[in-house]
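1. Just need the structure, nothing else, for what follows:
(chains A and B)
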Amino acid sequence: QKEVEQNSGPLSVPEGAIASLNCTYSDRVSQSFFWYRQYSGKSPELIMSIYSNGDKEDGRFTAQLNKASQYVSLLIRDSQPSDSATYLCAVAGNYGGSQGNLIFGKGTKLSVKP
Amino acid sequence: DTEVTQTPKHLVMGMTNKKSLKCEQHMGHRAMYWYKQKAKKPPELMFVYSYEKLSINESVPSRFSPECPNSSLLNLHLHALQPEDSALYLCASSLRQGWSYEQYFGPGTRLTVT
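-> Numbers count the residues shown, from 1 in each chain, chains lettered A, B, ... in the order given. Alright, predicted model coming up:
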């Protein structure tokens, strides 16, 4: 069974600090990895996608992927109170008949304190 | 522009009612999805349409009936729902169905079944 694991949190960081969110996945054939941000009562918003090992940067966000360790992370630099949300890690792969289906982790709740 | 729209924003219905949820995108995406999200849980996939054809039905009860009348529209027809069906219903779209394509979510319809 495909699983995506995240610490549920809450992860609390002070304003201006780096927030580090982690995710592990069970299926080695997983090929694409996504981070979504979800504010309370709102829908998930895509922040980053990553497909290859290494780092990918977009503004204050950096996604890191290590396929050998089956690990993906999201770093948020200079965290702001507006970054307070639940961050969902999602994984997709060529899972036979379920090609393209996103497998979500349960999400990590981030709280950035002013 | 990565906008998916959904109507209505909120819906309250009795167990004997029939109602429909609507989703629309004009990004030229040919894969569209329905998800269900309960409080403090990640989204759960219900249906996938690819090129207006039903591609995946994740064993959803028949009281949920999807329809894709054209490449921009996706409907979810609801009939004889149960209180446990109360949830946030999310529509998403991607350029194509497949692991390498990013999925973009609409704002959701908050459904309450009384």
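2. Get me the contact residues on chain A for chain B.
-> Residues of chain A found near chain B (Cβ under 8 Å from any Cβ of the partner chain) are A:31-32, A:34, A:36, A:42-46, A:49, A:51, A:88, A:92-94, A:97-102, A:104-107. To be clear about C-beta, it is placed using only N, CA and C from the backbone, and glycine gets the same treatment.
3. make it 6 Å
-> A:31-32, A:43-44, A:46, A:49, A:88, A:92-94, A:99-101, A:104, A:106 (Cβ under 6 Å from any Cβ of the partner chain).
4. which of these are buried?
-> With burial judged by 16 or more other Cβ atoms under 10 Å in any protein chain shown, the buried subset of the residues of chain A next to chain B is A:31-32, A:43-44, A:46, A:49, A:88, A:92-93, A:99-101, A:104, A:106.
5. ok, which pair from these is furthest apart?
-> For those, the farthest-apart pair by Cβ to Cβ is A:31 and A:43; their separation is 24.6 Å.
6. Now the one residue in chain B that gets nearest to chain A: closest residue in space that isn't a chain neighbour?
-> Closest approach between chain B and chain A, counting by Cβ to the nearest Cβ: residue B:42, at 3.5 Å. The shortest distance from residue B:42 to any residue other than its chain neighbours is 3.5 Å, reached at residue A:104 (Cβ to Cβ, 6 or more residues apart in numbering or on different chains).
7. Surely residue A:82 is in a helix?
-> Yes: secondary structure of residue A:82 (DSSP: H, G, I helix; E, B strand; the rest coil): part of a helix.
8. what's the neighbour count on it?
-> 8 (other Cβ atoms under 10 Å in any protein chain shown).
9. Now do it against residue A:39, distance only.
-> In this view, residue A:82 and residue A:39 are 9 Å apart by Cβ to Cβ, to the nearest Å.
10. where along the chain do the strands fall?
-> Using chain A here. A:4-5, A:11-14, A:19-25, A:30-38, A:45-50, A:54-58, A:61-66, A:71-76, A:85-93, A:103-104, A:108-113 (DSSP state E).
11. my bad, the chain I had in mind was chain B
-> Under DSSP E, chain B gives strands at B:4-7, B:10-13, B:18-25, B:31-37, B:44-50, B:53-57, B:64-70, B:73-79, B:87-94, B:104-105, B:109-113.
12. Which of these comes out lowest on mean pLDDT?
-> Lowest mean pLDDT within the strands of chain B: strand B:53-57, at a mean of 91.
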